[in-house]
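> Please work out how this folds:
(chains A and B)
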There are 2 protein chains.
Amino acid sequence: MAGIAESATANPDASFIVHGDESQIGPMIARKKALAGRCQIRHAPRVVTMNDKPSQVMRHGEGTSMWSCIESVRAGEATVAVSCGNTGALMAVSMIRLRKLPGVNRPAIACLWPSRNSGGFSVMLDVGADVKADAEDLLQYAMMGASYARNGLSLERPRVGLLNVGTEEHKGRAELKAAQDLIAARAEAGGYEYVGFIEGSDIPGRRCDVIVTDGFTGNIALKTGEGTAKLIADFLKEAFGANLLSKMAAVLALGSLKRLQKRIDPRRVNGGVFLGLNGTVVKSHGSADATGVAAAIGLAARLAQSGFHERLAARLASAGRAGQDAPQDEDATPGAAEKR
Amino acid sequence: MAGIAESATANPDASFIVHGDESQIGPMIARKKALAGRCQIRHAPRVVTMNDKPSQVMRHGEGTSMWSCIESVRAGEATVAVSCGNTGALMAVSMIRLRKLPGVNRPAIACLWPSRNSGGFSVMLDVGADVKADAEDLLQYAMMGASYARNGLSLERPRVGLLNVGTEEHKGRAELKAAQDLIAARAEAGGYEYVGFIEGSDIPGRRCDVIVTDGFTGNIALKTGEGTAKLIADFLKEAFGANLLSKMAAVLALGSLKRLQKRIDPRRVNGGVFLGLNGTVVKSHGSADATGVAAAIGLAARLAQSGFHERLAARLASAGRAGQDAPQDEDATPGAAEKR
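So this is what the prediction gives:
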């Protein structure tokens, strides 16, 4: 609730529909001045826990706050949904209630990543919606990621890279070589520039704005990066606490260190965006504090205001039409064209 | 050559066989006092470049310093090989000349990773020998990684974790579930403890000593971690250079910062070890300076002195025998047992 109040102040045009047990959240909202007149409550008596299995929630999730939240996007009451809940369950409920966009095979989760790019961030997807992706899926990730970078990071023509174990043409898995050809061929339709294969070391670099990979590799890269940043931050804290001199140094460098902390603060990049559904869903870290929740809501508001969802859907539809001339359609059975 | 000299001082029992153009390396060795009487030279007129394709080097690599170096391990003149050259070519030459250990399907490259473990490091493999691995390969990685941790990190009973996108039993790819069962079942024979699935955030953590994964995922995790550490180090440098106060702070904190730098210095963990061959090969970073080269040679010397290679081969052989009682052998065709 503190995060909603923070984001209400930062986004004066936003209004909120809050889902949960009314007897609990009603009084909490009433206590926040920033939320006066800007919140509606949808009573939902049940909750999805972090241990609930996605398949169970998909079948029996009605009446939970998560279900109610997604339902408000489906009904068109809300432009975008934000949740701090169980990721697998949230994706399952989003899939079953919002349904996939026409032409999308696997939805993806996109995250922002601190990098050396001029805006300070890159987009990476998929970071965990699905453990695998074939060449066509990776092409769709490129399309959706570019659309997200255009609307979320204000980049006119985002640079897309495909994550691999080396930058040479002959390296990596077979599906990556196939995806490379597809992504390069559709750059014009997708409104992006394709920079080729990139390596793990390029993720925080400046070679591209959108990092395309399957959800298994993306999830492990994301968590490895977060874990490494956390390890170094802890080592740094120890280093400054080591002796009197270093403690004095920490006081002197306070301003600079705070700026550094802000640059690598995971709370500032909080919010994985579900792409490829009929509606936008932003997933916040389960352990997010008020600052983190406010960042996720801020991202959701930015995407809603830019008309991101409509633009993404239009881009995928036009790319789908362009794709009908592509070589893989030559194998289409007679009559298939009529169904399109 | 400066790295060899550094390691000669640090490892008084080691002696060196240096491979390369004698007219170039002869005078360089003569100038290093630390190397007096401790170096033999094997003249090799040709070199493998970073752009040479592994398949080409495999066929036409004779006469190169890399080939000569691996050959000295094959002939039993050298206990362990160290090279800073082209990784793919080095693996190809090692495979063709040293051959795989009996029972090993895919050799692996193992690296050390700074972590919160008491020794300060974990072992991760495979970090790039092959882009894929099935359940049996992952079991062999667990065996070989545990053997490496026992001999390289002096851990009696290393804890092995299998890298996945979540720690729950039902998560991840099918081959990981199969590998999980195999690795858990052979813990006794392999002399390790199996801790279950781990996530990317556990790589720099304290949950396990050996991280098992396929070469695609491992390579991306390794480079993502290195890239993230480099990004933060650069941000830190900028932060301390920001203004007069922060510059003064840097001077005060110099000692602590130097210790921090040492803890995360990639040169200290320089050296990927090729496992699963008839001989040990240590691959140093191509861009390593004298400190990095000395670290790789130091690692090689430690492994040679502990009799690592013989222990690993013995462990795999006994595990192979134990495996004959395992369930998957029930399908064996009649008569197959005689061939064992």
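> Please report the number of neighbouring residues for residue A:76.
Neighbour count for residue A:76, taken as other Cβ atoms under 10 Å in any protein chain shown: 8. C-beta here means a position set from N, CA and C on the backbone, and glycine is covered the same way.
> Tell me which other helices or strands the longest helix belonging to chain A touches.
Longest helix in chain A, counting residues (DSSP state H): helix A:215-240. Packing partners of helix A:215-240 (3 or more Cβ pairs under 8 Å, 6 or more residues apart in numbering or on different chains; DSSP states H and E): strand A:108-114, strand A:121-125, strand A:159-163, helix A:244-252, helix A:254-264, helix B:215-241, helix B:254-264.
> I'd say residue A:210 and residue A:159 touch.
Yes - Residue A:210 lies in contact with residue A:159 (Cβ atoms under 8 Å); the separation is 7.0 Å.
> quick one: the helices in chain A?
A:2-10, A:22-31, A:54-60, A:65-74, A:87-98, A:135-152, A:174-185, A:187-190, A:215-240, A:244-252, A:254-264, A:290-305, A:308-323, A:336-339.
> Deepest-packed of these, please.
With neighbours defined as mean count of other Cβ atoms under 10 Å in any protein chain shown, these peak in mean count at helix A:135-152, which reaches a mean of 25.
> can it be found next to chain B?
No - with Cβ under 8 Å from any Cβ of the partner chain as the criterion, chain B is not reached by helix A:135-152; the gap is at least 14.1 Å.
> wait, what's in contact with the most far-flung residue of chain A relative to its centre?
Distance from the centre of chain A peaks at residue A:244, with 42.9 Å (Cα atoms, centre = their mean). Residues in contact with residue A:244 (Cβ atoms under 8 Å, 6 or more residues apart in numbering or on different chains): none are found.
> Quick one, which of the helices and strands packed on helix A:215-240 gets closest to residue A:199.
Set against residue A:199 and scored by Cβ to Cβ, the helices and strands packed on helix A:215-240 come closest in helix B:215-241, at 5.2 Å.
> ok now the closest one, how far from the chain's centre?
For helix B:215-241, the separation from the chain centroid amounts to 19 Å (computed by Cα atoms, centre = their mean, to the nearest Å).
> likewise stretch A:142-155?
Worked out by Cα atoms, centre = their mean, stretch A:142-155 lies 11 Å from the chain centre.
> ok, residues contacting that stretch?
A:104, A:108, A:110, A:112, A:119, A:121, A:123-125, A:156, A:158, A:160, A:162, A:183, A:186, A:190-192, A:194, A:209-212, A:273, A:275-276, A:299, A:302-303, A:306-308, A:311-312, A:315-316, A:319.
> Buried only: go through those residues for me.
A:104, A:108, A:110, A:112, A:121, A:123-125, A:158, A:160, A:162, A:183, A:186, A:190-192, A:194, A:209-212, A:273, A:275-276, A:299, A:302-303, A:308, A:311-312, A:315-316, A:319 (16 or more other Cβ atoms under 10 Å in any protein chain shown).
> got the contact list for the residue in the stretch 201-340 of chain A that chain B sits nearest to?
Residue of the stretch 201-340 of chain A nearest chain B, by Cβ to the nearest Cβ: residue A:223 (2.9 Å). Going by Cβ under 8 Å, 6+ apart, residue A:223 touches B:199, B:200, B:201.
> Reformat the residues you listed into JSON lines and put pLDDT and neighbour count next to each item.
As requested, the contacts of residue A:223 are exported to JSON lines (pLDDT from 0 to 100; neighbours: other Cβ atoms under 10 Å in any protein chain shown):
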{"residue": "B:199", "pLDDT": "94", "neighbour count": "22"}
{"residue": "B:200", "pLDDT": "93", "neighbour count": "29"}
{"residue": "B:201", "pLDDT": "91", "neighbour count": "18"}
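> ok, and of these, which contact chain A?
Applying Cβ under 8 Å from any Cβ to the contacts of residue A:223, those adjacent to chain A are B:199, B:200, B:201.
> how close does residue A:76 sit to residue A:279?
Remark: distance between residue A:76 and residue A:279 (Cβ to Cβ, to the nearest Å) = 9 Å.
> returning to that earlier point: can you tell me which of the ones next to chain A among the contacts of residue A:223 lies nearest to chain A?
Nearest member of the ones next to chain A among the contacts of residue A:223 to chain A, counting by Cβ to the nearest Cβ, is residue B:200, at 2.9 Å.
> nearest residue to the closest one other than its sequence neighbours?
Among residues not flanking residue B:200 along the chain, residue A:223 sits closest, at 2.9 Å (Cβ to Cβ, 6 or more residues apart in numbering or on different chains).
> measure residue A:152 to chain B for me?
21 Å (Cβ to the nearest Cβ, to the nearest Å).
> Let me know the pLDDT of that residue.
We have a pLDDT of 83 for residue A:152.
> same deal with residue A:329?
Listed pLDDT for residue A:329 reads 34.
> Minimum distance to chain B, which residue of the stretch 51-200 of chain A gives it?
Counting by Cβ to the nearest Cβ, the stretch 51-200 of chain A gets nearest chain B through residue A:200, at 2.9 Å.
> wait, what's in contact with that residue?
A:163, A:221, B:219, B:220, B:221, B:222, B:223, B:224, B:225, B:226, B:227.
> pLDDT added to those, as a markdown table?
What follows is the contacts of residue A:200, written out as a markdown table (pLDDT from 0 to 100):
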| residue | pLDDT |
| --- | --- |
| A:163 | 96 |
| A:221 | 94 |
| B:219 | 93 |
| B:220 | 94 |
| B:221 | 94 |
| B:222 | 91 |
| B:223 | 91 |
| B:224 | 92 |
| B:225 | 89 |
| B:226 | 86 |
| B:227 | 87 |
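> Throw these into JSON lines and include distance to residue B:259, thanks.
JSON lines is the format used below for the contacts of residue A:200 (distance: Cβ to Cβ, whole Å):
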{"residue": "A:163", "distance to residue B:259": "34"}
{"residue": "A:221", "distance to residue B:259": "29"}
{"residue": "B:219", "distance to residue B:259": "30"}
{"residue": "B:220", "distance to residue B:259": "30"}
{"residue": "B:221", "distance to residue B:259": "26"}
{"residue": "B:222", "distance to residue B:259": "24"}
{"residue": "B:223", "distance to residue B:259": "25"}
{"residue": "B:224", "distance to residue B:259": "25"}
{"residue": "B:225", "distance to residue B:259": "20"}
{"residue": "B:226", "distance to residue B:259": "20"}
{"residue": "B:227", "distance to residue B:259": "23"}
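> just those residues now: which is nearest residue A:136?
Among the contacts of residue A:200, and counting by Cβ to Cβ, the member closest to residue A:136 is residue A:163, at 16.8 Å.
> TSV for the ones next to chain A among the contacts of residue A:223, including distance to residue B:15?
Supplementary listing: the ones next to chain A among the contacts of residue A:223 in TSV, determined by distance: Cβ to Cβ, whole Å:
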residue	distance to residue B:15
B:199	44
B:200	41
B:201	43
